[in-house]
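# Give me a 3D structure for the following:
(one chain, ligands or ions: 2)
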Amino acid sequence: MQRVFSGIQPSGIPTLGNYLGAIRNWIGMQRDHECIWCVVDLHAITGWQDPAALRRQTLEMAATLLACGVDPEKHILFLQSSVRAHAQLAWIFNCVARIGWLNRMTQFKEKAGKDRENASAGLYVYPNLMAADIHAYHATRVPVGDDQRQHLELANDIAKKFNFDYGVDFFPNIEPMILGPAARVMSLRDGTKKMSKTDPSDQSRINMNDDAETIALKIRRAKTDPEPLPCEVAGLEGRPEARNLVGIFAALAETEHTAVLRDFGGKGFGVFKEALAELMVSRLGPINDETRRWLDDESAILRILRDGADRAAAIADPIVAEAERLVGFIGLRPA
Ligand code: AMP
Ligand code: TRP
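Residues are numbered from 1 along each chain as shown. Ligands and ions are numbered 1, 2, ... in the order given. Sure thing, here's the model as predicted:
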């Protein structure tokens, strides 16, 4: 069975983009893979986080993942900072990856923005830590949204260079699993920008904990153009907002763009948005309720995360110890 790894940052409330682009695909993979799901708190602090907020968001993220259907018994759910192997392997990868490779990362350029001199060094080497997350488990499949494609290519470049530099065949190639009609959910205010949990405008996104009324309002206010929906997918060309909403509908209805346009082609956005809001509420409402039930029992969440950390470390520690031996470290540990 192939081993799967994926992670999500607890840097805010998870969004519809996280759900449709990633989490929902995680759940599907649990059927026929050995899965390791990680709340990546080390990644979250590449941008400053209020410590109390980070704690709360970490628990909320774990609760949301459980509510979405992550199975912590057959699979593993844990916090990145609980397993030391991630940071240990990341250091080795900092010394394998080339600065030229990191300079090409579009996410760094976007997140660092104009004030690049003032970005944290952690933000710069973020992709090396992400590569370590995956390779510490010899995972071979990684379900992510489309925005992570470049980081996974880098993770493969790092594995290849490590194997070459040390004359081994130790880290396997990984296969990105970028699935479904909503692998890149866009902002509700601007169809050319990714929906993000850290966008300053709350109107730009659907949060997984938004109630029915908020969802309906945000969808009603979502930016669109004045034309009715096209009857063919080709008609979405040059209409990013329309394409985005149709993709979201398709993902929620578990179908494709074509099927949605068969039903709504020629109709105006008023009708379509109403149907979309109703569908969204019917899908997200139960997850929201279940998340709240989990959050009422914080100690149950902590038990799951502790057990997950034990099982994750049992896989990662020997792999990272072997990587250290290959590098030439003697590997003495404090008694
Ligand atoms: P992050 O929120 O950056 O930790 O991302 C966690 C996962 O959600 C990754 O697999 C991302 O690719 C995915 N993701 C985040 N935002 C979106 C989006 N707007 N559309 C699709 N997938 C997304
Ligand atoms: N960088 C990813 C994101 O922001 C999150 C992440 C960290 C991840 N480590 C990972 C995803 C390992 C997949 C595998 O979306």
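# Show me which helix runs longest in the protein.
What stands out as the longest helix in the chain, according to DSSP state H, is helix 298-327.
# Pull out the buried positions in that helix.
Residues 301, 304-305, 308-309, 311-313, 315-316, 319-320, 323-324, 326 are the ones in helix 298-327 that count as buried (16 or more other CB atoms under 10 Å). Using the backbone N, CA and C atoms, a C-beta is placed for each residue, glycine as well.
# Show me where the stretch 101-250 of the chain has its helices.
For the stretch 101-250 of the chain, the helices defined by DSSP state H, counting those that start in this stretch occupy 106-112, 121-135, 149-165, 212-221, 240-252.
# measure residue 198 to ligand 2 for me?
Applying CB to the nearest ligand atom, to the nearest Å, one obtains 10 Å for the distance of residue 198 from ligand 2.
# can you give me how far the longest helix of the chain is from the chain middle?
For helix 298-327, the distance from its own C-alpha centre to the chain's C-alpha centre is 20 Å (CA atoms, centre = their mean, to the nearest Å).
# any bit of it sitting next to ligand 2?
No - counting by CB under 6 Å from any ligand atom, ligand 2 has no neighbours in helix 298-327; the shortest distance is 12.6 Å.
# got the angle for that helix vs helix 149-165?
40 degrees (axes from the mean of the first three to the mean of the last three CA atoms, to 10 degrees).
# could you give the mean pLDDT of helix 298-327?
For helix 298-327, the mean per-residue pLDDT is 98.
# ok, now stretch 179-192?
For stretch 179-192, mean pLDDT rounds to 96.
# again with stretch 129-143
Confidence for stretch 129-143, expressed as mean pLDDT, is 98.
# How about stretch 3-11?
If you average the pLDDT over stretch 3-11, you get 98.
# And for stretch 71-79?
Along stretch 71-79, the predicted local confidence has a mean pLDDT of 98.
# Quick one: name the residues of the stretch 101-250 of the chain near ligand 2.
Proximity of the stretch 101-250 of the chain to ligand 2 (CB under 6 Å from any ligand atom) is limited to residues 130, 133, 134, 142, 144, 148, 151.
# restrict the residues you listed to contacts with ligand 1.
Intersecting these with the surroundings of ligand 1, defined as CB under 6 Å from any ligand atom, gives 144, 148.
# what residues are up against residue 169?
residue 163 (CB atoms under 8 Å, 6 or more residues apart in numbering).
# Not counting sequence-adjacent ones, nearest residue to residue 27?
Of all residues beyond its chain neighbours, the one nearest residue 27 is residue 69 (4.3 Å), with distances taken as CB to CB, 6 or more residues apart in numbering.
# The one you found and ligand 1, how far apart?
Using CB to the nearest ligand atom, residue 69 is found at 16 Å from ligand 1.
# What of residue 236?
With the distance defined as CB to the nearest ligand atom, residue 236 ends up 17 Å from ligand 1.
# Taking the stretch 151-300 of the chain, what residue is nearest to ligand 2?
Of the residues in the stretch 151-300 of the chain, the one nearest ligand 2 is residue 151, at a distance of 5.9 Å by CB to the nearest ligand atom.
# That residue: neighbouring residues, count only.
In terms of burial, residue 151 registers 21 neighbours under the definition other CB atoms under 10 Å.
# same deal with residue 28?
Other residues within reach of residue 28 by the criterion other CB under 10 Å amount to 14.
# Repeat that for the one 10 residues further on.
A total of 27 residues lie near residue 38 under the criterion other CB under 10 Å.
# just to revisit the earlier point, what does the pLDDT read for the residue of the stretch 151-300 of the chain closest to ligand 2?
On the pLDDT scale, residue 151 gets 98.
# for the closest residue to it other than its chain neighbours, what are its contacts?
Nearest in space to residue 151, with sequence neighbours left out and distances taken as CB to CB, 6+ apart, is residue 127 at 4.7 Å. Residues counted as contacts of residue 127 (CB under 8 Å, 6+ apart) are 97, 102, 105, 107, 108, 151, 154, 155.
# about what we covered before: mind giving me a markdown table with the helices of the stretch 101-250 of the chain and columns for distance to residue 286?
As requested, these are arranged in a markdown table below (distance: least, CB to CB, whole Å):
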| stretch | distance to residue 286 |
| --- | --- |
| helix 106-112 | 32 |
| helix 121-135 | 30 |
| helix 149-165 | 31 |
| helix 212-221 | 12 |
| helix 240-252 | 13 |
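# between these, which gets nearest to residue 42?
helix 121-135 (6.2 Å; CB to CB).
# Please point out which parts of that closest one sit buried.
Counting neighbours by 16+ other CB under 10 Å, one finds that the buried residues in helix 121-135 are 123-135.
# Then stretch 182-195?
If you call a residue buried by 16+ other CB under 10 Å, then stretch 182-195 has these buried ones: 182, 183, 184, 185, 186, 187, 188, 189, 190, 191, 194, 195.
# Would you check which pair of the residues you listed lies furthest apart?
Based on CB to CB, the longest span within those runs between 183 and 189 and measures 20.1 Å.
# Now the chain against ligand 2: closest residue?
Nearest to ligand 2 in the chain, going by CB to the nearest ligand atom, is residue 7, at a distance of 3.2 Å.
# That residue: how many residues sit nearby?
Using other CB under 10 Å: residue 7 sits among 22 other residues.
# and the helix or strand that contains it, anywhere near ligand 1?
Counting by DSSP states H and E, the secondary-structure element that holds residue 7 is strand 3-8. Yes - under the criterion of CB under 6 Å from any ligand atom, strand 3-8 makes contact with ligand 1 via residue 8.
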